[in-house]
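In: Need coordinates for the following:
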Amino acid sequence: MEHINNYINENKDRFINELIDLLKIPSISADPAYSADVLNCADAVAKAMTDAGADNIEICKTAGYPIVYAEKIIDSNLPTVLVYGHYDVQPADPLELWTSGPFEPVIKKTDIHPEGAIFARGSCDDKGQFYMHVKAFELMMNTNTLPCNIKLMIEGEEEVGSENLGVFVKENKERLKCDAILISDTGIIANDTPSITTGLRGLSYMEVEVRGSNRDLHSGLYGGAVANPINILCEMIAKMKDENNQITIPGFYDNVVELSADEREDIARAPFSLDAYKKALDLSDIHGEESYTTMERNGIRPTLDVNGIWGGYTGEGAKTVIASKAYAKISMRLVPNQSDAEITDKFTKYFESLAPKSVTVKVSPHHGGEPYVSPTDIPAYLAASKAMETTYGKKPVPVKSGGSIPIVALFEKELGVKSILLGFGLDSDAIHSPNEHYGIFNYLKGIETIPHFFANYAKAH
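Out: Reported below is the predicted structural model:
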């Protein structure tokens with residue numbers, strides 16, 4: 001398909017500049033201070049779909065931020081692919097750790113990205129990745145090579161749980177009817193080792209509060225005589241794992257299926273250097289659940305992590321107080337057969353049981369989602385695998401990802417369709433962290449690969 005590379009070469013600079021303009025919009029869904037920017041970003045996405053040649057473009061209102069929907073139905077007898085992505089981004093904090101402004105995109109060359117990478121919040125997660133689909137669609141439209149129907153649904157609340165997208169999907173099943181779902185919000189092993197994500201962990205996320213006295217107390221007058229919520233919170237969290245780094249919540253592992261020796265061997269075949277892993281993260285050693293490899297800990301085992309903890313005085317200098325309250329945000333990544341609701345309930349009961357009578361505890365669940373597994377023998381997966389083999393020159397490795405995309409399991413439940421997780425990011429792209437970036441190579445390779453997926457999938461039908 002020479003026309004694909006010709007079109008990309010002719011429009012490469014424009015593709016990059018358009019993405020840079022999109023990345024300048026601080027569409028942070030978690031912070032109400034940026035609500036106008038999130039809405040402006042939805043407008044920009046709708047305009048991009050219009051310019052690419054889509055029909056029936058609509059900025060669909062929800063109880064939160066809108067969903068941008070568009071489609072191109074060329075023949076009702078042809079298969080339909082639904083493309084999903086999100087235009088909202090994570091907060092940029094801590095700002096002082098960015099080497100350039102999070103919403104002032106800059107192209108920099110790195111050892112991993114010698115062709116350059118765009119440094120900006122959302123560059124890889126997920127603006128750069130969903131925008132590949134918009135540009136690939138434009139390419140197919142302008143070269144008259146779109147082989148089947150396409151629907152695009154780009155939301156603005158993925159980073160805060162996609163609660164309103166779930167409602168939208170349930171209310172628009174006929175509108176979203178499709179034969180396959182294509183998502184680029186994952187990654188590959190390396191730029192010379194393509195891979196396709198075939199599993200995602202689920203998520204259970206909550207905030208906990210431990211309360212002692214009715215006000216902050218002088219640590220000299222009251223220290224040693226009353227409960228210190230910060231101390232107690234730390235003790236409670238410490239009791240949630242044992243000496244082997246296994247989670248101690250009763251029943252937590254009840255539904256976890258142990259992989260067979262053959263399945264674990266398959267995971268071990270994926271290229272992985274422990275030394276390079278430690279060097280990239282500046283670690284002297286790894287840490288995790290006993291009897292499992294790093295790759296297994298990353299993808300097939302459930303986890304429990306404290307994502308934030310606070311309380312008391314944290315300003316300059318000293319203030320000798322015993323805080324009246326302490327807080328933590330805790331997330332658990334779940335594996336197939338574990339239920340978000342069930343694990344949330346078990347966590348709540350266990351955490352409350354750990355509290356001494358000297359404090360009161362409150363557990364507030366936030367968003368969650370179910371685990372997901374994609375088969376590797378269905379036409380959509382085979383079409384994606386063949387597309388990557390064409391553009392990378394080697395067959396992609398199927399891998400399980402430690403991340404979560406809560407809406408994927410809901411798609412299968414409500415629409416009855418499997419999702420193909422055709423991502424192009426790298427683990428080193430620092431998503432959710434300062435200095436997030438996305439390689440120019442990866443961005444353009446995605447635009448090149450996606451039309452091959454559509455061609456392969458149309459032929460399979």
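In: switch to C-alpha atoms for all contacts and neighbour counts from now on
Out: Will do.
In: So what would you say the end-to-end distance of stretch 28-39 is?
Out: 10 Å (C-alpha to C-alpha, to the nearest Å).
In: what residues does it touch?
Out: 25-27, 65-66, 88-91, 156-157, 159-160 (C-alpha atoms under 8 Å, 6 or more residues apart in numbering).
In: What about those, which one has the most neighbours?
Out: residue 88 (30 neighbours; other C-alpha atoms under 10 Å).
In: Over to the residue of the chain most remote from its centre: give its phi and psi.
Out: Most distant residue from the mean C-alpha position of the chain: residue 221, 47.6 Å away (C-alpha atoms, centre = their mean). With angles defined as degrees, to the nearest 10, residue 221 sits at phi -80, psi -30.
In: May I see the contacts of stretch 28-39 organised as a markdown table, with distance to residue 201 and pLDDT added?
Out: Formatted as a markdown table, the contacts of stretch 28-39 follow (distance: C-alpha to C-alpha, whole Å; pLDDT from 0 to 100):
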| residue | distance to residue 201 | pLDDT |
| --- | --- | --- |
| 25 | 30 | 98 |
| 26 | 28 | 98 |
| 27 | 26 | 98 |
| 65 | 25 | 98 |
| 66 | 26 | 98 |
| 88 | 21 | 98 |
| 89 | 20 | 98 |
| 90 | 19 | 97 |
| 91 | 22 | 97 |
| 156 | 21 | 98 |
| 157 | 19 | 96 |
| 159 | 16 | 93 |
| 160 | 17 | 91 |
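In: So of these, which two are at opposite extremes in space?
Out: Largest separation among the contacts of stretch 28-39 by C-alpha to C-alpha: 66 and 91, giving 18.7 Å.
In: now the strands: where do they sit in the stretch 1-150 of the chain?
Out: 55-60, 67-72, 80-86, 106-108, 117-119, 149-155 (DSSP state E, counting those that start in this stretch).
In: before we move on, back to that, so can I have JSON lines of the contacts of stretch 28-39 showing distance to residue 408?
Out: JSON lines is the format used below for the contacts of stretch 28-39 (distance: C-alpha to C-alpha, whole Å):
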{"residue": "25", "distance to residue 408": "26"}
{"residue": "26", "distance to residue 408": "25"}
{"residue": "27", "distance to residue 408": "22"}
{"residue": "65", "distance to residue 408": "19"}
{"residue": "66", "distance to residue 408": "19"}
{"residue": "88", "distance to residue 408": "17"}
{"residue": "89", "distance to residue 408": "18"}
{"residue": "90", "distance to residue 408": "19"}
{"residue": "91", "distance to residue 408": "23"}
{"residue": "156", "distance to residue 408": "15"}
{"residue": "157", "distance to residue 408": "14"}
{"residue": "159", "distance to residue 408": "14"}
{"residue": "160", "distance to residue 408": "15"}
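In: residues contacting residue 454?
Out: Neighbours of residue 454 in contact, by C-alpha under 8 Å, 6+ apart: 146-148, 383.
In: Quick check: can you list the domain ranges of this protein?
Out: Following automatic domain parsing, one gets these domains for the chain: 2-200+371-460, 202-256+302-368.
In: which of these sits most buried?
Out: domain 2-200+371-460 (a mean of 20; mean count of other C-alpha atoms under 10 Å).
In: Work out the gap between that one and the centre of the chain.
Out: 11 Å (C-alpha atoms, centre = their mean, to the nearest Å).
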